[in-house]
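S.K.: let me see the structure of the following:
(2 chains)
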Amino acid sequence: EPEVTQTPSHQVTQMGQEVILRCVPISNHLYFYWYRQILGQKVEFLVSFYNNEISEKSEIFDDQFSVERPDGSNFTLKIRSTKLEDSAMYFCASQWVGNTEAFFGQGTRLTVV
Amino acid sequence: GENVEQHPSTLSVQEGDSAVIKCTYSDSASNYFPWYKQELGKRPQLIIDIRSNVGEKKDQRIAVTLNKTAKHFSLHITETQPEDSAVYFCAASGANDYKLSFGAGTTVTVRA
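M.R.: Numbers count the residues shown, from 1 in each chain, chains lettered A, B, ... in the order given. The predicted model follows:
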């Protein structure tokens, strides 16, 4: 069964450093998302991406965040200058069309020290 | 934006009993309501979903009901088994806005 894959599974970074989280969505999907989940809390929407552009972003997704789909298969989330409060599990998700099952990757646990 | 409330936050049931989790949503334009199960340290996985043109949907031991007028929807798990122990999240999304707004989650523990 096709699945969304994310790398790395765990990333530890120093505060102020840049990180790039990588995702390979399911190949025929058209909608891509990043969500985050702080330990013990609910899953929160960060950004949605469709037709090679951001379709919506949350208040969390400030100027420190950016997304790219550089080559038609990868979908990346960059955090330019990490803060302690960016520590969370980051999930990538993809959908074939809107309001159908969103498939989640296994997540990247980001720890900012 | 959409606000999804979920109750209870924890639920402990005896194996074989039923579990019910309830969610409310705020945006009347929301029309898609999935439920995700998340085991510890793993990705959320869809277990059932319902669209606003349907009032109830069932898949084996799992059922979801939707009341559009009251803006609430519920997950029912019957004949619970230990492997049902996990965190369950409800979510909602709209017709023009496909992002998922999640509830806070319910930790279900099935006691053997």
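
S.K.: so for chain A, the centremost residue is which one?
M.R.: A:W34 (3.2 Å; Cα atoms, centre = their mean).

S.K.: please work out how many residues are found near the nearest residue to that one once chain neighbours are set aside.
M.R.: Computed as Cβ to Cβ, 6 or more residues apart in numbering or on different chains, the closest residue to A:W34 that is not its neighbour in sequence is A:L46, at 4.3 Å. Using the backbone N, CA and C atoms, a C-beta is placed for each residue, glycine as well. Neighbour count for A:L46, taken as other Cβ atoms under 10 Å in any protein chain shown: 22.

S.K.: circling back to that earlier point, show the backbone phi and psi for the residue nearest to the centre of chain A.
M.R.: The phi/psi pair for A:W34 (degrees, to the nearest 10) reads phi -120, psi 130.

S.K.: do B:D84 as well
M.R.: phi -80, psi -10.

S.K.: just the pLDDT for it.
M.R.: On pLDDT, B:D84 comes in at 98.

S.K.: if I pick the closest residue to it other than its chain neighbours, what's in contact with it?
M.R.: Spatially, and ignoring its direct neighbours in sequence, B:D84 is nearest to B:V110 (5.1 Å; Cβ to Cβ, 6+ apart). Each residue near B:V110 by Cβ atoms under 8 Å, 6 or more residues apart in numbering or on different chains is listed here: B:V13, B:Q14, B:E15, B:A19, B:T80, B:Q81, B:P82, B:E83, B:D84, B:S85.

S.K.: swap in 10 Å and give it another go.
M.R.: B:11-17, B:19, B:77, B:80-86 (Cβ atoms under 10 Å, 6 or more residues apart in numbering or on different chains).

S.K.: confirm it sits in a strand?
M.R.: Yes - counting by DSSP: H, G, I helix; E, B strand; the rest coil, B:V110 falls inside a strand.

S.K.: ok, which residues in chain B are in contact with chain A?
M.R.: Selection of chain B residues close to chain A by Cβ under 10 Å from any Cβ of the partner chain yields B:1-2, B:4, B:6, B:30-34, B:36, B:38, B:41-46, B:49, B:51-52, B:87, B:89, B:91, B:93-105, B:107.

S.K.: and the buried ones among the residues you listed, selectable in ChimeraX?
M.R.: Those of the residues of chain B next to chain A that count as buried under 16 or more other Cβ atoms under 10 Å in any protein chain shown are selected in ChimeraX with:
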select /B:2,4,6,30,31,32,33,34,36,38,43,44,49,52,87,89,91,93,94,97,98,99,100,101,102,103,104,105,107
